[in-house]
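[1] quick one: sequence plus predicted model below, questions after.
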Amino acid sequence: MNRSSISRSQAGFTMVELALVISILVLLSGLASIAVPPFIAYSNGRKAGEALRAVKAAQLMYLADNPATPVANLTQALLLPYVPNGAWPTLPSVNGVTPTINCTVFPPVAVLNGTTYNPTGSTTNGLWNVGTY
């Protein structure tokens, strides 16, 4: 059978097949847009927990070298030499506002708009907190 005798519908996709493929792609992209925000929130929580753990480690090392210093007297300047890479960690922004790290409490906490920030509601999951040990 030569090429010219094959009908057009046998040689390629029909409009129904193309519409079906396009609708499946739209459906999958819609599902992905629903699934991505929780992943981003979890990722930001993990990054925040890691940053707070770095500050906690700096607190522990500083207090080991200076055991008479009360935790309430700790400052970013005192802890900076003990922080990994010598750079104060930054927390992921929340609605365009970057939380700060309160290092005058142990363990350190994230502070957003003057209050402790932990959207998870748990103090032991390690997301947006160091967790209680």
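    In hand now; what should we look at?

[2] surely Ser23 is in a strand?
    No - when classified by DSSP: H, G, I helix; E, B strand; the rest coil, Ser23 is found to be helix rather than part of a strand.

[3] name all residues that make contact with the residue lying closest to Lys47 once chain neighbours are set aside.
    What sits nearest to Lys47 in space, not counting adjacent residues and going by C-beta to C-beta, 6 or more residues apart in numbering, is Pro92, at 5.4 Å. (Glycine included, C-beta is placed from N, CA and C.) Applying C-beta atoms under 8 Å, 6 or more residues apart in numbering, we find Pro92 in contact with Asn44, Lys47, Ala48, Thr98.

[4] who wins for neighbours among those residues?
    Within the contacts of Pro92, neighbour counts (other C-beta atoms under 10 Å) peak at Ala48, which reaches 26 neighbours.
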